[in-house]
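*Asks:* how would this look folded up:
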Amino acid sequence: MTTNSPVFLTKNGYGTMVLMSIEQYSALTDPIEYALDEADSAAKESKIRYSGADVFRRVRERIDGDD
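*Replies:* Modelled structure (predicted):
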């Protein structure tokens, strides 16, 4: 029997790892890789740069809903 379901590995009753097919992994990571590639391209075309503190402040504001 062959399935494409991930296999969850445990140690002492706690989840430690997940084994999955390359196809499943790609389905999870490809959209993120694509978005990062787009962000890299946009950054190359822009002269605007933010400090690390500014980036984290803006992320926290979005998480907290303080747009």
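
*Asks:* neighbours of Leu19, just the number please.
*Replies:* Leu19 has 9 neighbouring residues, counting by other C-beta atoms under 10 Å. The way it works is simple: take the backbone N, C-alpha and C, and place the C-beta from them, glycine included.

*Asks:* surely it and Val7 touch.
*Replies:* Yes - contact criterion C-beta atoms under 8 Å: Leu19 and Val7 qualify, at 4.2 Å.

*Asks:* touching both of the two, which residues are there?
*Replies:* Counting by C-beta atoms under 8 Å, 6 or more residues apart in numbering, Leu19 and Val7 have no contacts in common.

*Asks:* residue ranges with poor pLDDT in the protein?
*Replies:* Low-confidence segments of the chain (pLDDT under 70): 1-2, 66-67.

*Asks:* so where do the helices sit in it?
*Replies:* With DSSP state H as the criterion, the chain has helices at 22-45, 52-64.
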